[in-house]
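>>> Turn this into a model:
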Amino acid sequence: WLMLFACVHVHAQRERNYIYLFDCTQSMIEQEDIWQQTKDWLRDDIRQLESGQITVVPFQGKAYEPIVFDRESYDAEKVEKAFDEYIKNRTNTSICGAWDEGLNFIDPHKDNYLFVLTDGVDNVEGKEAVCERIRRWCGQYKNSRVFYVMLTKAAKDPKLIEAIEQCNIARSEERRVGKECR
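Prediction:
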């Protein structure tokens with residue numbers, strides 16, 4: 001009976017950890033005015049979560065102080081107030097800086113979901129640096145997924161898409177080999 005209890009406990013649902021990297025650059029207003037729509041999407045996405053640890057990393061030319069809370073204590077007005085203050089500054093876009101900060105919140109004991117919400121490309125370290133981070137991500141974090149949300153056509157870059165596809169191919173190959181070994 002103890003073995004059966006241990007098996008059931010091991011297969012119980014793991015806690016979830018959500019990390020949102022949120023672009024607060026002025027291009028979110030000036031290029032296609034998706035600012036309010038993106039804030040609304042984030043609010044709706046967080047509200048539909050049943051539970052879990054949530055970290056929001058606002059970013060511009062650098063990552064700002066992460067906003068960390070559990071689902072039950074989510075205060076949308078507080079989060080959006082911080083965003084609205086940041087967007088007043090005219091800066092570059094550092095997706096790499098936000099990515100690096102977001103990785104600090106990966107919890108190996110939880111299922112991790114990292115969302116990158118941006119309308120542009122990294123003009124601090126460059127798109128190749130973003131591609132390199134995507135390639136390094138592949139297979140490095142067990143029970144973790146990245147969702148790179150390209151909010152506008154300007155964010156859709158062929159090199160980024162290629163890096164993402166390479167990661168997907170590597171993960172598929174990893175799963176296939178894992179099944180063959182069992």
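
>>> Just the pLDDT for residue 166.
Residue 166 is assigned 87 on the pLDDT scale.

>>> If you drop the residues flanking it in sequence, what lies closest to it?
Nearest residue to residue 166 in three dimensions, chain neighbours excluded: residue 135, at 6.7 Å (CB to CB, 6 or more residues apart in numbering). Where you see a C-beta, it was placed from the backbone N, CA and C, and this is true even at glycine.

>>> Now do the same contact list for the one you found.
Residue 135 makes contact with 163, 166, 167, according to CB atoms under 8 Å, 6 or more residues apart in numbering.

>>> what's the answer for residue 99, then?
Counting by CB under 8 Å, 6+ apart, residue 99 has contacts 21, 116, 130, 133.

>>> Tell me which of those fall in helices.
Counting by DSSP state H, the contacts of residue 99 place 130, 133 in helices.

>>> Next, format the contacts of residue 99 as CSV and append distance to residue 57, neighbour count and pLDDT.
Putting these into CSV (distance: CB to CB, whole Å; neighbours: other CB atoms under 10 Å; pLDDT from 0 to 100) gives the following:
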residue, distance to residue 57, neighbour count, pLDDT
21, 5, 25, 98
116, 10, 25, 96
130, 15, 23, 95
133, 14, 19, 95
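
>>> Let me know the closest of the contacts of residue 99 to residue 97.
Within the contacts of residue 99, the smallest distance to residue 97 is 9.4 Å, found for residue 21 (CB to CB).
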